[in-house]
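# give me coordinates for this.
(2 chains)
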Amino acid sequence: MSWLVFVIISIGLYFGARYLLPELFLGEQPKVIYKDTGNAKIFRNKKFRVEGKPDAILLTRVGYIAEEFKSRKRGFYESDIVQAKAAALAARSEYPISSISIRNQTEQKIILLPPSDQALFDDIAEYYNMAARAKQELLPARAHFVKCRHCAVKYACSEAKA
Amino acid sequence: MARGYISASKIGRAAYCPRSLSLESQGASISKDAVHRRKVGDIAHQRYNTQIEQPKKKPCFIATSSYGENHPITCSLREYRDNVLLKSNGGKMFIACYYVVSPPIARLLTRFPVLQKPVRQVIKLIHKRLLP
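Numbers count the residues shown, from 1 in each chain, chains lettered A, B, ... in the order given. Next up, the predicted model:
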């Protein structure tokens, strides 16, 4: 009898977790639909004028996931999430991307995306506008010791903290 | 880049530091260490590309995520699976069910490390029972 209770509780927990934490149920080996091999196709979202190539698009049990790989060992930045969202928005021109995955060498983070393209664009709109103005204006710095240390143009920047 | 389109990587860089994106777009020279880091990143990306499509060797998920791949308990449970369970039909059925249920549990343990301690105790108990 106690075994039966255990089995029923286990099944309940399994389906409860499946409902509450869908990202845990991606499947053991997702199917690779697309991968960025250098000369891979660039996705373009005509409506929002965003283009990009996710590092991979995976078909999992919870739907299509656009994955962004970062070569660092640990930690995720806001910019990683913004980049992955923008690439997912571009890839939505062909695949119904429902989540993004950001992976580094030791960790993985999965974020569910809003279903509408407009809501996804609104998430990144601030940075989209900045990127559009970057060539004409000198945009404000987000100086931080760690960021500046790894910045490619730190020697040209008057606000660098490294 | 196609005319009128903004690339995802530029949007990401605007979130990292808008000034650095401005400077690079306006032709500021890129530091040597950044060039080197980009090369290292490209190599890591190539490695990632080959890794994602290689079928993984089936691990003992829960034990691996709580103890690590090469821990003696993980290794002996793996051996138990290969040498005992896989030799009977009941064992094969158990393994098939286990591979459906265990990957989400393993991910749950990675996400909530606080659960790892009690799970380790349970695995230790099972290990003691199976392989005294």
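
# the longest helix anywhere in chain A - contacts with which helices or strands?
Counting residues, the longest helix in chain A under DSSP state H turns out to be helix A:2-20. Under the contact criterion of 3 or more Cβ pairs under 8 Å, 6 or more residues apart in numbering or on different chains; DSSP states H and E, helix A:2-20 touches helix B:89-111. C-beta: built from backbone N, CA, C; applies to glycine.

# and the helix it packs on, how far out from the chain middle?
Put simply, helix B:89-111 sits 16 Å off its chain's centre (Cα atoms, centre = their mean, to the nearest Å).

# show me where chain B has its helices.
B:8-16, B:18-25, B:32-53, B:61-67, B:72-83, B:89-111, B:116-130.

# distance of the closest residue to A:Gly52 other than its chain neighbours relative to A:Lys53?
What sits nearest to A:Gly52 in space, not counting adjacent residues and going by Cβ to Cβ, 6 or more residues apart in numbering or on different chains, is B:Ala8, at 2.9 Å. The gap separating B:Ala8 from A:Lys53 is 8 Å, by Cβ to Cβ, to the nearest Å.

# for residue 94, give me its contacts.
Reading this off chain A. A:Glu94 makes contact with A:Phe43 under the criterion Cβ atoms under 8 Å, 6 or more residues apart in numbering or on different chains.

# correction: the question concerned chain B.
B:Phe94 touches B:Leu85, counting by Cβ under 8 Å, 6+ apart.

# what's near enough to touch A:Ile9?
Here A:Ile9 is in contact with no residue (Cβ under 8 Å, 6+ apart).

# next: A:Lys35.
A:Lys35 neighbours (Cβ under 8 Å, 6+ apart): A:Asp55, A:Ala56, A:Ile57, B:Asn49, B:Ile52, B:Glu53.

# which pLDDT value belongs to the residue nearest to A:Gly52?
The per-residue pLDDT reported for B:Ala8 equals 94.

# please apply the same query to B:Lys57.
54.

# for A:Arg103, same thing?
88.

# specify the beta-bridge partners of it.
Following DSSP bridges, A:Arg103 is listed with bridge partners A:Phe69, A:Gln108.

# A:Lys70 is in contact with that one, correct?
Yes - proximity of A:Arg103 to A:Lys70 meets the contact threshold set by Cβ atoms under 8 Å, at 7.1 Å.

# hey, C-alpha coordinates of the following helix or strand past the longest helix of chain A in PDB?
Using DSSP states H and E, the helix or strand that follows helix A:2-20 in sequence is strand A:31-35. In PDB, the C-alpha atoms belonging to strand A:31-35 read as follows (Å, rounded to 0.1, in the frame of the first residue of the first chain):
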ATOM      1  CA  LYS A  31      17.300  17.600 -32.500                       C
ATOM      2  CA  VAL A  32      19.600  20.200 -34.100                       C
ATOM      3  CA  ILE A  33      17.600  22.100 -36.700                       C
ATOM      4  CA  TYR A  34      20.200  24.800 -37.500                       C
ATOM      5  CA  LYS A  35      23.700  25.600 -36.500                       C
END
